[in-house]
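Colleague: Have a look; sequence and predicted model below, questions after that.
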Amino acid sequence: MPKQKEDGKHGESPEKQHFELERLPELVRKFSREKIEDYAVPDAGQNIILPPLIYNPTKDFVRARDESRGVMLASTVESGGKQYWLVEYMQMLGQGNSVSVFPSPAKRNALIAMLGENEKDMKVIEYHSHTVSTGDVWFDQFSSGDYKTIQGMLNVNPDYIHALFTPTHVLTLAHQETTLKLARSSNEANALSRKKFLKWQGLFNGFLQQSQ
Ligand SMILES: [Zn+2]
């Protein structure tokens, strides 16, 4: 938990933290896809769990020419002092080149409207991709532009989490150590994750139609 500032003399709320740009690289965790697919990523205090239905497409969209960005919605489970976020839905919000990937306003509005009505205990995790055309030097690191954007988000919300998908790695950047793991699949688990995914997709498309 963030430490409390002396007495709020400077008009800051007690929870507010300032994340220094130079220190953000210390908060990055990176996982090779091999390790993820071998179920070899050990638990940390915070763990994002992707069912195969959601993980597998991340191997495809990094082969696209354009980079993409979007959000993952996860339900939360706490166990043994650790936080697990099981991702139920992934929605791309925008595509572009490495200089600018802007979200589509209609999709962003639909997401905001949907979360307004269905947020409850869902954790929102933002992501973006570095693709084969971004260049392999970017397969295991964030860019300086990424750090700036994420710094801004963390300073507003210290619980903010960002995930980066690349052809060879998945990286997380969060205040607390955060892993990304692949859920072991079974017919039953796959059927359940498909059902949840379709529920969110139906909701999202409904809101998208209204916001267009
Ligand atoms: Zn980036």
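Modeller: Cool, got the structure.
Colleague: Could you check the longest strand seen in the chain against the ion for contacts?
Modeller: Longest strand in the chain, counting residues (DSSP state E): strand 82-96. No. If you take C-beta under 5 Å from the ion as the test, strand 82-96 misses the ion, and the best it gets is 11.0 Å. Heads up, the C-betas are built off the backbone N, CA and C, glycines and all.
Colleague: Quick check: mean pLDDT of the following helix or strand past that strand?
Modeller: Beyond strand 82-96 in the direction of the C-terminus, DSSP states H and E gives the next helix or strand as helix 105-118. Per-residue pLDDT values over helix 105-118 give a mean of 89.
Colleague: got the angle for helix 105-118 vs strand 82-96?
Modeller: Here the directions of helix 105-118 and strand 82-96 differ by 160 degrees (axes from the mean of the first three to the mean of the last three C-alpha atoms, to 10 degrees).
Colleague: contacts for helix 105-118?
Modeller: 71, 73, 91-94, 122, 124, 203-204, 207-208, 210-212 (C-beta atoms under 8 Å, 6 or more residues apart in numbering).
Colleague: Could you do stretch 24-35 as well?
Modeller: For stretch 24-35, contacts defined as C-beta under 8 Å, 6+ apart pick out 19, 41, 44, 59, 140-142, 147, 150-151, 154, 167-175, 177-180.
Colleague: With stretch 183-191 instead?
Modeller: By C-beta under 8 Å, 6+ apart, the surrounding residues in contact with stretch 183-191 are 39, 49, 50, 51, 52, 53, 55, 86, 193.
Colleague: Show me which of those are buried.
Modeller: For these, a burial check counting by 16 or more other C-beta atoms under 10 Å picks out 49, 50, 51, 53, 55, 86, 193.
Colleague: For my notes, confirm residue 17 occurs in a helix.
Modeller: No. Per DSSP: H, G, I helix; E, B strand; the rest coil, residue 17 lies outside any helix segment and is coil.
Colleague: residues touching it, list them.
Modeller: Residues near residue 17 by C-beta under 8 Å, 6+ apart: 2, 154, 155, 158, 175.
Colleague: Now list the buried members of those residues.
Modeller: Among the contacts of residue 17, the ones that count as buried by 16+ other C-beta under 10 Å are 154, 158, 175.
Colleague: quick one on the thing from earlier: can I get the contacts of stretch 183-191 in a markdown table including distance to residue 131, secondary structure and pLDDT?
Modeller: Supplementary listing: those in a markdown table, determined by distance: C-beta to C-beta, whole Å; DSSP: H, G, I helix; E, B strand; the rest coil; pLDDT from 0 to 100:
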| residue | distance to residue 131 | secondary structure | pLDDT |
| --- | --- | --- | --- |
| 39 | 25 | coil | 98 |
| 49 | 24 | strand | 97 |
| 50 | 19 | strand | 98 |
| 51 | 23 | coil | 97 |
| 52 | 21 | helix | 97 |
| 53 | 21 | helix | 96 |
| 55 | 17 | helix | 98 |
| 86 | 26 | strand | 96 |
| 193 | 25 | helix | 96 |
